[in-house]
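# 3D, please:
(2 chains)
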Amino acid sequence: MKAVRLAHRNSKQKIVLYIFFVIVAFFFLFPILWTLSLSLKTIPELFEIPPSILPKTFTGIGNYLYVISNYGITGSLLNSLYITLWTVIGCLTVTLPAAYAFSRMKFKFSSQIQFIILMFQMISPLVIVIPLYKYYSSLNLLNSFTGLITIYIAISAPFQVWFLKGFLDTIPKELDEASIIDGCSRLQTLIKVLIPIISPGVLSSVLLISIMSWSQFIVPYILIDSPAKMPISVRLLNLQSSLTNITTHYLAAASIIAIFPTVLLFVFLQKYIVSAMTAGSVKG
Amino acid sequence: MLPSATISAATRKKSLSYGLWRISQGPVLWLIPLALVLVTFFLYPALEVVRISFTNSDMISNTYHYTFNSYIRMFTDASFYNMIWITFFFVSFSVIFQFLLGFIIALTVDKGEHLRMKGTVVARTVALVSWSIPGVVIGIIWNILYNESPSGIINYLISFVGIGPVPFFTSPVIALFAISVANVWRGTAQSMILLYAGLKTIPMDVIEAANVDGANSWRKLLSVIIPSIRPVIVINILLNIINTFNTFDMIMSLTGGGPGRSTEVLVLSSYTTIFQLLDLGKGSAIAVLLLLINVVMSVIYIRISKEGVST
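As a prediction, the model looks like this:
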C-alpha cells in the first residue's frame, strides 16, 4: 500500500516538475528561437499582425547570404577568431607556469598573492581601459590586434590561474618527484607529465577563455574604430545603430551568426564548461 | 680553499647553469610573465585612473594640475544621485531574481535527477545557454523582443491578458524594469549552476535523516538545505552583484542608457562622461567609485572564501 502511495506521489511530483521545466525552457529558449524565426522572415512577415511563429517560406535563408555579403560580418568573424586564438595561446602561456608555482612551490606570501590576483578578476574592464586608451593612442596601438589581445590576456588570466591551479592540486606530488628523478627539469615535468594529466582542465580553460574573448565588448568598443578591425561584438552594435525597423530580419540573422559558435561549443562541451563555471566557489 | 685561478671555465659554466637551475626551483621565474601582464594591464591602469581622477587632464593635452574639482563636480551634480539610484535598482532587482530563479531551477533539476526523470539534462542545459551568449547580442535580442510596435512579440503576447501596448523604451521606469528583466535572463545561469553544484555537496544521509524525522519539503529546505549550502549562496550573490555592477555591453545595445539617461548605470555613466562628454576627470572619478565597489566586494568575497577553505 505504502509503495503504491509513494509511487503515486512521485508521479504527481514528476508532472509538476515537467510543467516547471517547460516554463523554464520557454523562458530561456523563446528569445533565441524568436530571433531565429525573425532571421528567416521576409519584410512583410516582420510586420504581420498577429505575428506568425514560423516563417512561411524558406526564402529567408537569403537573409543570411545578404548579411554575410553586405555587412562585413565575415571579416569581423575572422577578426574575432584571430583574437580569440591568440588570447587562448597567450593566456595559457602566462597562467600555466604561475598555476604550477602556486600549486607546487612553497614561498612567502603565496596565498596573499593569489588573493590579490583574484581581486583583479573583479575589476571592471572599463576602469583599466580608460588610461589604456590614452596610452594606446600615444603609442599608436589603437585599432591594433596586439594591443587588444594583451588586454584580453590580462582580463582572463586571474580566473585561469585559480582554475588551473585547482586542477594541478589534484595530482599527487609523487608524480613530479618520479619525473624529476628520471632527469626531467621542472618545466619538462610540467609540459610532459602534468599538462597531459590535466588536459580536461586545460580544455575547459580553452573553452572559457574562448567564450570570454568572443563576448568581450567594452575594450574593443573603446579601442577599435576602424570597421576592418572590428570584432563581431562591436560590429553588431554598429549594425544595430545603422539599421532601422525595416531590416530587423538582417540584424536577427547577424545575431544568430554571432552566437552560433559559442552556443554550439557550449551545448556539445557543456560537461567541461559546467565544471569550469563551478570551479573555485564550491568545494567537494 | 681553492685559489681562484684553479676554477676552470667548465666549472664556471657549470655554476651558471646551476644558477639557472637554482632560479627555476624558486617561484620568481614562473610568476614573471603573469606579473608583467597583470602589473601592466591591471595594477598600473587602475592606479592611473585614481591619479587622473585627481587631475584636470583631458584626452588630448598633456598639461594638467592636481585638483579635487572632478569629485566636487560629481557629488554636486543632481543627476549623479539619480544614476546611483538607477544602478542600485538594477543591481538589487537583478541579483534578487537571479538568485531566486536560479535556486528554484537548481532545486527542481536536482529533484528531477533523484526521480530519474528524462529530460532533466535538457532542462539544465537550456537554463544555462544564455551564459554562452555575448552580452551585446543579449541586448539586441531583448531590444527586438521589447519592440514597441504592435508586431513586437512581447507586446503581442501580453495583449492576450489585456495589458499593453507597453512603452518599453519610452517610459523611463518601464525601461529600467526592462533592462533588469533582461539581465535576470542573462545571469540566472551562473546562479543556477553554482547552487546546483552546491546542492550536490550535501551528503545524502543528512537529507535521509530529515526524511526519517518526517520533515516536510519546506522544513527540509529551510533547516537542512539552505544552512548546508550557505557559503555557496553568499558567494553566488556576491558574484552576481559584481557582475551586475560591471554590466555594460547588454545595456548599450538594449537601450543605450535611454530614454534620456533613465537606464544609465554606473559603468555607462562613466563611459558617456569620458567618451561622449569628453570630461576625463569627472568620468574617471565615477570609474574610481566603480573600482572602489569592485575592491570592497572582492575583499568580502576573499574573506568568505578563506573561511570556506579553513572549515
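# residue boundaries of the helices in the stretch 51-200 of chain A?
With DSSP state H, counting those that start in this stretch as the criterion, the stretch 51-200 of chain A has helices at A:61-70, A:73-104, A:110-121, A:125-138, A:145-169, A:173-181, A:186-188, A:195-197, A:199-215.
# and B:Val91, how many neighbours?
B:Val91 has 22 neighbouring residues, counting by other CB atoms under 10 Å in any protein chain shown. (C-beta placed from N, C-alpha, C; glycine too.)
# That one touches B:Ile241, doesn't it?
Yes - with contact defined as CB atoms under 8 Å, B:Val91 counts as touching B:Ile241 (6.2 Å).
# Phi, psi for A:Ile198 please.
Phi and psi for A:Ile198, reported as degrees, to the nearest 10, are phi -90, psi 20.
# Hmm, it is touching A:Gly166, no?
No - taking CB under 8 Å as the definition, A:Ile198 is not a contact partner of A:Gly166, at 9.4 Å.
# any low-confidence regions in the chain?
Defaulting to chain A. The model of chain A has pLDDT under 70 over residues A:1-7, A:244-246, A:276-284.
# hmm, I had chain B in mind actually
Along chain B, segments meeting pLDDT under 70 span B:1-14, B:61, B:308-311.
# Nearest residue to the middle of it?
Note on chain B: the residue nearest the mean C-alpha position is B:Asn243, at 1.2 Å, using CA atoms, centre = their mean.
# Identify the residue spatially nearest to it, adjacent ones excluded.
Counting by CB to CB, 6 or more residues apart in numbering or on different chains, B:Gly187 is the residue found nearest to B:Asn243 once chain neighbours are left out, at 6.3 Å.
# Give the buried residues for the helix or strand where that neighbour lies.
Using DSSP states H and E, B:Gly187 sits within helix B:172-200. Residues of helix B:172-200 classed as buried by neighbour count (16 or more other CB atoms under 10 Å in any protein chain shown): B:172, B:175-199.
# Packing partners of that helix?
helix A:2-39, helix A:270-278, helix B:78-114, helix B:120-129, helix B:135-145, helix B:230-245, helix B:249-254 (3 or more CB pairs under 8 Å, 6 or more residues apart in numbering or on different chains; DSSP states H and E).
# what angle do the next helix or strand after the last one and helix B:78-114 make?
Scanning forward in sequence from helix B:249-254, with DSSP H and E defining helices and strands, the next element found is helix B:266-275. Going by axes from the mean of the first three to the mean of the last three CA atoms, to 10 degrees, helix B:266-275 is angled at 140 degrees with respect to helix B:78-114.
# Give me the buried positions along stretch B:122-129.
Quick answer for stretch B:122-129 (16+ other CB under 10 Å): B:123-124, B:126-129.
# tell me the centre residue of chain A?
When CA atoms, centre = their mean is applied to chain A, the residue found nearest the centroid is A:Ile211 (1.5 Å).
# For that residue, which residues are in contact?
A:262, A:265-266, A:273, B:132 (CB atoms under 8 Å, 6 or more residues apart in numbering or on different chains).
# Neighbour count, secondary structure and distance to A:Phe30 added to those residues, as a markdown table?
Shown next, in a markdown table, are the contacts of A:Ile211 (neighbours: other CB atoms under 10 Å in any protein chain shown; DSSP: H, G, I helix; E, B strand; the rest coil; distance: CB to CB, whole Å):
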| residue | neighbour count | secondary structure | distance to A:Phe30 |
| --- | --- | --- | --- |
| A:Thr262 | 22 | helix | 19 |
| A:Leu265 | 18 | helix | 22 |
| A:Phe266 | 23 | helix | 18 |
| A:Ile273 | 22 | helix | 22 |
| B:Ser132 | 21 | helix | 17 |
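# so which pair among those residues is furthest apart in space?
Maximum pairwise distance among the contacts of A:Ile211 (CB to CB): 10.1 Å, between A:Thr262 and A:Ile273.
# anything in contact with each of these two?
In contact with both A:Thr262 and A:Ile273: A:211, B:132, using CB under 8 Å, 6+ apart.
# Which one of the buried residues of stretch B:122-129 is nearest to A:Leu78?
Proximity of the buried residues of stretch B:122-129 to A:Leu78 (CB to CB) peaks at B:Val129, which lies at 24.8 Å.
# quick one, what contacts the closest one?
Residues in contact with B:Val129 (CB under 8 Å, 6+ apart) are A:28-29, A:32, A:263, A:266-267, B:189.
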